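Chemist: quick check, what structure comes out for this input:
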Amino acid sequence: MHQALLVPEVLLDVFAHVNQIDKPSNTRERSLSSRQSLAALATTCKTFYEPAMDLLWAEMSDLRPLLGCVVRLHPMIYPRAQKSWSRGIDPLSKSECSQFLRHSARVRSMSVSSDDDFHFLYALPFDACVFPQLLSLSWMVVFTRFLHFFLSPTLRNCYIALVQPGLVREAIGTRCAALEDFDIVTLGTMAQDAHLSEIVRSCKALIRLQCPPLDSAAWKHLSTVPSLVNLSIHQESFFPCPPSRLDMHNLSFATFLNVTALRFCCTSIPDITAILQHSEFPSLKEFELVAHVLLGAEAQPLFLALSQGKTCHTLEHISISDDYTEVEEPPVNSLAMTRELLCFTQLRTLDISVRCSIDPDNDLLLEAMISWPHLRSLRLCDPHRRPPKVTLRGLFAALRLCPHLHTLLVGVDVMNIDIDPKAESFQHTSLKKLVVYSSPVADAEAVARIIFSMLPNIQPNIRFPDFWEDVNTHLKSLKSSSL
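Modeler: Residues are numbered from 1 along each chain as shown. Prediction:
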């Protein structure tokens, strides 16, 4: 044996790449091939045994491999277990439990999508930690009766599909004090369960949390968790938004000191606005909102609240959209809405696609570009497809102030061409993706020449509405002739 293989770090690195030796196209076959290779390595010599076995048992998608270590159950599971193989089979005896636990301490990641085999665990002591080194758990079954067997003190990542009272009883945050990444995905009325707040408040070391809407007590707790960096409040879009759980008369939060990403999905807009009004996010870099519908009457207070949380000099990415297209929203005051966003001087990405769309004119677009000199991507979608107010002259005046912009979606009036590319020496070389809409084209060739001469790096497959296809054709022709 080469002396390098006696170095534990080298050996672990070699074994970690075993699954790259054979690469069948099928993921299941690739996993099986890798496991067979690791099993062969484990039987090669004593030096290989421990690191190979650690990798072999590191990831489990169910209990069957561990149950296969039980002499009585082995022939029922291998070479391939029948569907519902465990039905009617007696639980493990006390002596068989040691066989089951033989390799459980090696498991680092466990995904539980069925409770069909849980009855085998009845003989295990209630306080037994079956997976003492478990780092990641995905729990996708309704009942939590056996969950305590999986709650390791080393657990870092946890995905829970449904909130149940048993989660509080198991004190997940207390048993798993090192829990950093927590996903709670609940449906319908389950998202209103009072136990959700207790579960969240039991977690003291979270770095990332995604969960349904919370009450005031949970928000107050999260504001005191200094490790929290990424926070997502997610309500399933196909369920109606649950009633507010915030106590509007008792919104007193500490500073969300280190939160850099804040996301809301299908959450009550007044609740979001209230949270932003009573909170400070001095490290926030990313804000994302996906709403059922965002009306103009709600949008401006929301934007104002966002700008008041000590975020003006930190926010780099803002994305706001809604997904309900049936609402007829009258035009709103774009100037008033946009002015609430001008304070974000570090903005890199702004993506707004809502019913109450921002419809800028030349002056407003110019003022925005002055305020956002670091902008890389700007998308202002107008679902109403109103006649655009930005002209080509206004567009290029604004582009002069944003040299790093690479993506732009905005309404532009190209019916009335108000710029002569031959008289202009300006070129914007960073812009690569341009999407314009709403305006029919009077002279497709002239528009194509303006784009070609002033935006030389625009991708040939520029996205336009159907009636802009002639512009695209001319632009491709100009690109080809320049090669």
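Chemist: now Ile275. Its backbone dihedrals?
Modeler: Ile275 adopts backbone torsions of phi -60, psi -50, taken as degrees, to the nearest 10.
Chemist: not counting residues beside it along the chain, what's closest to it?
Modeler: Trp219 (6.4 Å; C-beta to C-beta, 6 or more residues apart in numbering). (C-beta placed from N, C-alpha, C; glycine too.)
Chemist: look at the one you found and say how many residues are nearby.
Modeler: For Trp219, the tally of surrounding residues (other C-beta atoms under 10 Å) stands at 26.
Chemist: what sits against it?
Modeler: Going by C-beta atoms under 8 Å, 6 or more residues apart in numbering, Trp219 touches 246, 251, 253, 275, 279.
Chemist: which SS class is it?
Modeler: helix (DSSP: H, G, I helix; E, B strand; the rest coil).
Chemist: just the buried ones from the contacts of Trp219?
Modeler: For the contacts of Trp219, a burial check counting by 16 or more other C-beta atoms under 10 Å picks out 246, 253, 275, 279.
Chemist: let's have the residues you listed in TSV, adding distance to Gln133.
Modeler: Formatted as TSV, the buried ones among the contacts of Trp219 follow (distance: C-beta to C-beta, whole Å):
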residue	distance to Gln133
Leu246	39
Phe253	36
Ile275	38
Ser279	37
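Chemist: just the ones of those residues in helices?
Modeler: Counting by DSSP state H, those place Ile275 in helices.
Chemist: which of the buried ones among the contacts of Trp219 lies closest to Trp468?
Modeler: Ile275 (41.9 Å; C-beta to C-beta).
Chemist: from what I see, that closest one and Met248 are in contact.
Modeler: No: if you go by C-beta atoms under 8 Å, Ile275 and Met248 don't touch, sitting 10.7 Å apart.
Chemist: return every residue with contacts to both of these two.
Modeler: Listed as contacting both Ile275 and Met248 by C-beta under 8 Å, 6+ apart is no residue at all.
Chemist: residues in contact with Phe146?
Modeler: With contact set as C-beta under 8 Å, 6+ apart, Phe146 has these partners: 115, 118, 121.
Chemist: looking at the chain, which helix or strand is least sure?
Modeler: Lowest on mean pLDDT, DSSP states H and E among the helices and strands of the chain sits helix 165-169, with a mean of 60.
Chemist: give me the neighbour count for Arg64.
Modeler: Neighbour number of Arg64 under other C-beta under 10 Å is 17.
Chemist: check contacts around it.
Modeler: 77, 81, 117.
Chemist: as CSV, the residues you listed with neighbour count would be great.
Modeler: Below are the contacts of Arg64 laid out as CSV (neighbours: other C-beta atoms under 10 Å):
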residue, neighbour count
Ile77, 18
Ala81, 16
Asp117, 21
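Chemist: of all those residues, the one with the weakest confidence?
Modeler: For those, the minimum pLDDT belongs to Ala81; the value there is 73.
Chemist: name the element that one belongs to?
Modeler: Assessed by DSSP states H and E, Ala81 sits outside every helix and strand.
Chemist: now do Arg386
Modeler: Judged by DSSP H and E, Arg386 forms part of no helix or strand.
Chemist: how many residues are close by it?
Modeler: 12.
Chemist: what's the answer for the one 3 residues further on, then?
Modeler: For Lys389, the count of nearby residues is 18 (other C-beta under 10 Å).
Chemist: now Phe118
Modeler: 18.
Chemist: and the closest residue to it other than its chain neighbours, how far is that from Val112?
Modeler: For Phe118, ignoring the flanking residues on the chain, the nearest one in space by C-beta to C-beta, 6+ apart is Phe146 at 4.8 Å. To Val112, Phe146 is 9 Å away according to C-beta to C-beta, to the nearest Å.
Chemist: same question for Phe100.
Modeler: 15 Å.
Chemist: low-confidence ranges, the stretch 351-483 of the chain, go.
Modeler: 357, 437-439, 460-467 (pLDDT under 70).
Chemist: can I get the buried ones among the contacts of Trp219 in CSV with pLDDT and distance to Thr154?
Modeler: Listed next are these as CSV, based on pLDDT from 0 to 100; distance: C-beta to C-beta, whole Å:
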residue, pLDDT, distance to Thr154
Leu246, 81, 35
Phe253, 85, 31
Ile275, 93, 33
Ser279, 91, 32
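Chemist: of the buried ones among the contacts of Trp219, closest to Pro301?
Modeler: Ile275 (12.4 Å).
Chemist: need the contacts of Arg64 in JSON lines (columns: distance to Leu409).
Modeler: Listed next are the contacts of Arg64 as JSON lines, based on distance: C-beta to C-beta, whole Å:
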{"residue": "Ile77", "distance to Leu409": "55"}
{"residue": "Ala81", "distance to Leu409": "53"}
{"residue": "Asp117", "distance to Leu409": "51"}
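Chemist: if we can go back for a sec, closest one to Leu289 out of the contacts of Trp219, please.
Modeler: Nearest to Leu289 out of those is Ile275 (C-beta to C-beta; 11.8 Å).
Chemist: what about the closest one, distance to Lys285?
Modeler: Taking C-beta to C-beta, one finds Ile275 at 18 Å from Lys285.
Chemist: one more: Leu231?
Modeler: 13 Å.
Chemist: how about the most far-flung residue of the chain relative to its centre, phi and psi?
Modeler: Within the chain, the residue lying farthest from the chain centre (C-alpha atoms, centre = their mean) is Ala423, at 46.5 Å. Ala423 adopts backbone torsions of phi -90, psi 0, taken as degrees, to the nearest 10.
Chemist: for it, list the residues it contacts.
Modeler: Applying C-beta under 8 Å, 6+ apart, no residues qualify as near Ala423.
Chemist: what about the strands in the stretch 151-300 of the chain?
Modeler: Under the criterion DSSP state E, counting those that start in this stretch, the stretch 151-300 of the chain contains strands at 157-160, 181-184, 208-211, 230-234, 261-265, 286-291.
Chemist: redo those strands as a markdown table? Include distance to Ile199 and mean neighbour count.
Modeler: Output for the strands of the stretch 151-300 of the chain, formatted as a markdown table (distance: least, C-beta to C-beta, whole Å; neighbours: other C-beta atoms under 10 Å):
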| stretch | distance to Ile199 | mean neighbour count |
| --- | --- | --- |
| strand 157-160 | 8 | 20 |
| strand 181-184 | 7 | 19 |
| strand 208-211 | 8 | 20 |
| strand 230-234 | 14 | 20 |
| strand 261-265 | 19 | 20 |
| strand 286-291 | 24 | 21 |
